[in-house]
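In: okay, here's the prediction I keep looking at, along with the sequence it came from:
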Amino acid sequence: MKQRLDRNGIAKRAAKELKDGDYVNLGLGIPNHCADYADEGVIFHTENGAMGYGPLVSPDEPEKADFHYHDAIGRFWVPAPGMSVFDVVTSFVMIRSGRMIVILGALEVSEKGDIANWSTGGAHGGTIGGAMDLSFGSKRVIVTMEHNTKEGKPRIVKECTYPLTRKECVDLVVTDLAVIKVTPEGLLLREVAPGWTVEEVQALTGPKLIIAPDLKEIGL
Amino acid sequence: MKQRLDRNGIAKRAAKELKDGDYVNLGLGIPNHCADYADEGVIFHTENGAMGYGPLVSPDEPEKADFHYHDAIGRFWVPAPGMSVFDVVTSFVMIRSGRMIVILGALEVSEKGDIANWSTGGAHGGTIGGAMDLSFGSKRVIVTMEHNTKEGKPRIVKECTYPLTRKECVDLVVTDLAVIKVTPEGLLLREVAPGWTVEEVQALTGPKLIIAPDLKEIGL
Amino acid sequence: MRNKVFSSFDEAVADIPDGACIGMDSWAIAATPQNLIAALKRKGVKDLTVVTHCFIPMIFGEDKSTMPSVLLPQMKKLITPVVGIAHLGGTAFVEEYVEKGLEVEQTTIGTMSSRLYAGAARLGGIYNPVGVGTVVEEGKEKRVIDGKEYILEKPIRLDYAFVSAHKADRLGNTVYKGVFRGDGPVMAMAADFTIVEVDELVEIGEIDAEHVITAGIFVDRIVEIPEDGLATARKLRELIDELHSIEPARKLMFG
Amino acid sequence: MRNKVFSSFDEAVADIPDGACIGMDSWAIAATPQNLIAALKRKGVKDLTVVTHCFIPMIFGEDKSTMPSVLLPQMKKLITPVVGIAHLGGTAFVEEYVEKGLEVEQTTIGTMSSRLYAGAARLGGIYNPVGVGTVVEEGKEKRVIDGKEYILEKPIRLDYAFVSAHKADRLGNTVYKGVFRGDGPVMAMAADFTIVEVDELVEIGEIDAEHVITAGIFVDRIVEIPEDGLATARKLRELIDELHSIEPARKLMFG
């Protein structure tokens, strides 16, 4: 049956990239859901100053929520054994010093691995936040996003049209249609959503895709 | 009776500059002895990472000594309530950010308040250490030293002959003969050792001294 | 012992002049020195420069939660990585002030922290790798060092830091709780005067030397938050309950 | 859980290649990762760059206390603020090595710490105010910023950091004791690989999240110091007793 992955499906596929002992920062949106599917032993970081925090507080137990314990976008979690808290200076040294994997949402990713994810343009259309730091220093940048805009245009493009977050940093893009690796030769299509052909995915993608010899269906 | 202050006397006079609540770093040599004479409430810093440490360990109680608790030159102290320990990055932000008084030893101090205290010159004659940081950032630099070299030459000079630690930073010089304030107009002689005349002190000093209208004997 | 403990927030901010540059950490409601901000509003100084992580519109009334944006009419300049958030109308709330002359300097979060460290250590500038090839580099000097591009960023020094902390002793030794630590420690170091509001003032010796996060030398004034103050445990609890009752907030903040 | 705990120091340093740049904090006997240094000597790698606070001659035999200078024959370069101390013959002990090509880069203590921070935060350089008008500025670029002179200093990045700490849990969350903290935390951040020797390995959860000084992400390998290791409480106690029995040392180290 031909269908696009839903947001949880994208997150689940991206989470397969994470292994026991990895330090991971998850961006706003789809990336946040990766935590639900990640291996035990993956250690999550939030840039406002905690590493190795525990499960999110469920809406059924609001009494467990505490403003001292939430992530960068305000989701409450509970402390866990082995957690550490720290100031933002230290938090961003963690991010910048190449020890972390980040999974980011994006508006666009270019053929060369440029990412645009902080602003839709316009005078006050966006806010810089920590995305430029996250895309800079991490040992691996994974992007999760919908393959196309609401209007059906490609989000994977020759050149980004939105204000850039960082040039040439994305390693892997996971969308509702495909898993694509950024390589020096170009974008390598490795996996396609169930029921989709290479040609159909290519038609919804800006740059020409290289087809992996071992191309397969996205496995969840 | 005409005499030079001894090293403890110099330290005692310099310690009078310190008030309750001051944060103070003491250099090697005479400055170290200032702690013995300072007001209660003066808080001492050691650049290897502690603030507000307790009394030095006496040679009669070596069992109280612990390598985790000593100052930058290796003198053991005991922890005290209200103490904090920190890394060297933080320790030097304390030093550089203008919140501390430092008392330093010196080889020479110039008319303009330049200080030379880290090297007697020569290929490997000295070691830089933290003196340049200490003389840079502090809100007040006080120098304690003997007024003259063993050969009787002035240590207060027109221009330093030893390698500089920092230019134009010394505020007050306390020697075995005099207390001298560095001012934009020149060196202001404020106090002389008991029994010494202005002329005698001037004869042992390089630059011309300005005589304070309220010149007095060094009070201990 | 030099007294650092003030009995009111108004007294603690009484000497802050027009034109002051004030760091006040804020991650929305978390880590925000709400009582000091409220006192500064009451005082009514103007032409302020505000340095903060998160500058968003007031979500609740000032009696419930006071955030840096309550100072908008008193501000000349804002330095922040986060202006507004999409689901609260984006940056619309600052635009009328920008038209009237408010300068907004956006910086990345990590860059702001590095610039505050640079201010604290009295560096003249840092060559920063983040933001190369983006709007962040506009109008700034760039330089290639060992084959990589960097942007020259200026240090941030503060006249005053407002810090929200958990406990402090009378010497100013301070500890935080959870993500309220934020940029409090580096702001305290980068400031000429640091004012800390704390949940609890404790006796000297109660905070272990190994656990101190901001040493007393960086803290000039301490005010203990009274029971009827802002950002008390009770007030924060009430805010959570209120947010939990609002559908979009519950969806955002609960797993 | 990824295993970070190694059972021997030799194993923990086994992959360090010739030419590595290694940070190892040392404030004479304090804060020195003695066991890791001894293992690196046994391994016999060469052309090392050593970054340390205090580089002084060996005071005691290697069985009693091993300091960075034991690596002199294996070193190509030394970065430090302190080479030798006057009452132990000054810098004489390095001079034969300098003649044979050892490069010695002296830096101020505060500058070294700032350069390590710059390395950790991936800055390209910092404009540093300390050392202007002194030998420190020789051969370096200077620049006036807002009317003040600065020296451009390069970041220090480390291939490996050797850190001496008090306790670590199996995730690498680390705490120190007293002045052994030193530059351990910033070296751990500036290094590609950090190896920590600890007095005690503890279970996860034993170290409070608020008390962690070096978070586990910065720690790659942990070795617990065995009873017959260097820098144990017993060994340090014996050194104090020995120093106390030597007149000049007693005079220097006791009040």
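Out: Yes, it's here.
In: for the closest residue to chain A within the stretch 151-255 of chain C, pull up the helix or strand it's in.
Out: Nearest residue of the stretch 151-255 of chain C to chain A, counting by Cβ to the nearest Cβ: C:G255, 2.5 Å away. (Each C-beta comes from the backbone N, C-alpha and C, glycine too.) Assessed by DSSP states H and E, C:G255 sits outside every helix and strand.
In: bridge partners for the closest residue to it other than its chain neighbours, pull those for me.
Out: Distances taken as Cβ to Cβ, 6 or more residues apart in numbering or on different chains place A:L56 nearest to C:G255, at 2.5 Å, with adjacent residues excluded. Note on A:L56: beta-bridge partners by DSSP bridges are A:W77.
In: A:L56 and C:K235, how far apart?
Out: According to Cβ to Cβ, to the nearest Å, A:L56 stands 23 Å off from C:K235.
In: tell me the contacts of A:I142?
Out: A:I142 makes contact with A:14, A:17, A:101-104, A:170-174 under the criterion Cβ atoms under 8 Å, 6 or more residues apart in numbering or on different chains.
In: please apply the same query to A:Y69.
Out: For A:Y69, the contacting residues are A:50, A:53, A:76-79, C:178-179, by Cβ under 8 Å, 6+ apart.
In: name the residue most distant from the centre of the chain?
Out: I went with chain A, as the question did not name one. A:E63 (30.2 Å; Cα atoms, centre = their mean).
In: to clarify, I was referring to chain C.
Out: Using Cα atoms, centre = their mean, the residue of chain C lying farthest from its centre is C:G147. It sits 35.6 Å away.
In: isn't A:S135 up against A:L104?
Out: Yes. Between A:S135 and A:L104 there is a contact under Cβ atoms under 8 Å: 6.5 Å.
In: for the residue in chain A that chain C sits nearest to, which residues are in contact?
Out: Using Cβ to the nearest Cβ, the single residue of chain A nearest to chain C is A:L56, 2.5 Å away. The contact partners of A:L56, taken as Cβ under 8 Å, 6+ apart, are A:35, A:75-77, C:254-255.
In: for C:G84, same thing?
Out: By Cβ under 8 Å, 6+ apart, the residues touching C:G84 are A:124, A:127, C:55-57, C:90-94.
In: which residues are in contact with A:P154?
Out: By Cβ under 8 Å, 6+ apart, the neighbours of A:P154 are A:147-148, A:204-206.
In: and the spatially closest residue to it that is not a sequence neighbour, its phi and psi?
Out: Distances taken as Cβ to Cβ, 6+ apart place A:G206 nearest to A:P154, at 4.3 Å, with adjacent residues excluded. Dihedral pair for A:G206: phi -60, psi -70, per degrees, to the nearest 10.
In: likewise C:V186?
Out: Residue torsions, per degrees, to the nearest 10, at C:V186 are phi -70, psi -30.
In: tell me the SS of A:I95?
Out: helix (DSSP: H, G, I helix; E, B strand; the rest coil).
In: ranges for the strands of the chain?
Out: As the question left the chain open, I've gone with chain A. Along chain A, counting by DSSP state E, strands occupy A:23-26, A:43-46, A:50-51, A:84-85, A:101-104, A:108-110, A:115-116, A:140-144, A:156-157, A:170-174, A:178-183, A:186-192, A:209-217.
In: meant chain C actually
Out: For chain C, applying DSSP E gives strands covering C:5-6, C:21-24, C:48-51, C:54-55, C:75-80, C:82-83, C:103-106, C:125-128, C:142-145, C:148-153, C:158-169, C:174-175, C:191-202, C:221-224.
In: how much space is there between the closest residue to chain D within chain A and chain B?
Out: Proximity of chain A to chain D (Cβ to the nearest Cβ) peaks at A:G21, 2.8 Å away. Distance, A:G21 to chain B, using Cβ to the nearest Cβ, to the nearest Å: 26 Å.
In: got it, and A:E200?
Out: Note on A:E200: its distance to chain B, by Cβ to the nearest Cβ, is 55 Å.
In: and that residue, how many neighbours?
Out: 14 (other Cβ atoms under 10 Å in any protein chain shown).
In: before we move on, what about C:A86?
Out: 12.
In: show me where pLDDT drops low in chain A?
Out: Within chain A, the segments meeting pLDDT under 70 span A:122-125.
In: let's see it at 80
Out: Scanning chain A for pLDDT under 80 picks out A:1, A:120-126.
In: what residue in it comes nearest to chain B?
Out: For chain A, Cβ to the nearest Cβ, closest residue to chain B: A:V89, 9.8 Å.
In: check chain C too.
Out: Taking Cβ to the nearest Cβ, chain C has C:R2 as its residue nearest chain B, at 2.7 Å.
In: residues touching that residue, list them.
Out: Residues near C:R2 by Cβ under 8 Å, 6+ apart: B:20-21, B:41.
In: rerun at 10 Å
Out: By Cβ atoms under 10 Å, 6 or more residues apart in numbering or on different chains, the contact list for C:R2 reads B:19-22, B:41, B:43, C:170-172, C:216, C:220.
In: list the contacts for C:A188?
Out: In this structure, C:A188 makes contact with B:93, C:23, C:25, C:116, C:120, C:158, C:161-163, C:165, C:172, C:174, C:194-196, C:213-215, C:217-220, judged by Cβ under 10 Å, 6+ apart.
In: filter the residues you listed by proximity to chain D?
Out: Among these, the residues that sit close to chain D (Cβ under 10 Å from any Cβ of the partner chain) are B:93, C:213.
In: that older thread, looking at the strands of chain C, which one is packed in the most?
Out: Most buried of the strands of chain C, by mean neighbour count (mean count of other Cβ atoms under 10 Å in any protein chain shown): strand C:54-55, with a mean of 28.
In: okay, now the sheet partners of it, with direction.
Out: Applying DSSP bridges, strand C:54-55 is found paired with strand C:82-83 (parallel).
In: starting at the chain centroid, how far to stretch C:213-230?
Out: Computed by Cα atoms, centre = their mean, to the nearest Å, the chain-centroid distance of stretch C:213-230 equals 14 Å.
In: what's the first-to-last distance across it?
Out: End-to-end distance for stretch C:213-230: 23 Å, by Cα to Cα, to the nearest Å.
In: so what sits opposite C:S164 in the bridge?
Out: On the basis of DSSP bridges, C:S164 is bridged to C:E197.
In: hang on, isn't it packed against C:G23?
Out: No. Assessed by Cβ atoms under 10 Å, C:S164 is found out of contact with C:G23, at 11.6 Å.
In: what touches both of these two?
Out: When contacts are counted by Cβ under 10 Å, 6+ apart, C:S164 and C:G23 are jointly contacted by C:33, C:184.
In: if we can go back for a sec, could you redo the contacts of A:Y69 as TSV and give each row neighbour count?
Out: Shown next, in TSV, are the contacts of A:Y69 (neighbours: other Cβ atoms under 10 Å in any protein chain shown):
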residue	neighbour count
A:A50	28
A:Y53	25
A:F76	24
A:W77	22
A:V78	15
A:P79	18
C:G178	23
C:V179	27
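In: between those, which is nearest C:V98?
Out: C:V179 (29.5 Å; Cβ to Cβ).
In: residue contacts, that closest one?
Out: The contact partners of C:V179, by Cβ under 10 Å, 6+ apart, come to A:46-50, A:53, A:66-72, A:85-88, A:91, C:27, C:30-31.
In: cool, and C:P248?
Out: For C:P248, the contact set (Cβ under 10 Å, 6+ apart) comprises C:87-88.
In: try it again at 8 Å.
Out: With contact set as Cβ under 8 Å, 6+ apart, C:P248 has these partners: C:H87.
In: next one: C:G44
Out: When contacts are taken as Cβ under 8 Å, 6+ apart, C:G44 is in contact with C:Q74.
In: now do C:G147
Out: If a contact means Cβ under 8 Å, 6+ apart, then C:G147 has no contacts.
In: with distance to A:V157 and mean pLDDT added, can I get the strands of chain C in JSON lines?
Out: Below are the strands of chain C laid out as JSON lines (distance: least, Cβ to Cβ, whole Å; pLDDT from 0 to 100):
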{"stretch": "strand C:5-6", "distance to A:V157": "56", "mean pLDDT": "98"}
{"stretch": "strand C:21-24", "distance to A:V157": "39", "mean pLDDT": "98"}
{"stretch": "strand C:48-51", "distance to A:V157": "36", "mean pLDDT": "98"}
{"stretch": "strand C:54-55", "distance to A:V157": "31", "mean pLDDT": "94"}
{"stretch": "strand C:75-80", "distance to A:V157": "30", "mean pLDDT": "97"}
{"stretch": "strand C:82-83", "distance to A:V157": "27", "mean pLDDT": "92"}
{"stretch": "strand C:103-106", "distance to A:V157": "25", "mean pLDDT": "94"}
{"stretch": "strand C:125-128", "distance to A:V157": "28", "mean pLDDT": "98"}
{"stretch": "strand C:142-145", "distance to A:V157": "26", "mean pLDDT": "98"}
{"stretch": "strand C:148-153", "distance to A:V157": "23", "mean pLDDT": "98"}
{"stretch": "strand C:158-169", "distance to A:V157": "41", "mean pLDDT": "98"}
{"stretch": "strand C:174-175", "distance to A:V157": "48", "mean pLDDT": "98"}
{"stretch": "strand C:191-202", "distance to A:V157": "44", "mean pLDDT": "98"}
{"stretch": "strand C:221-224", "distance to A:V157": "53", "mean pLDDT": "98"}
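In: if anything else comes up later, I'll come back, but that's it for now.
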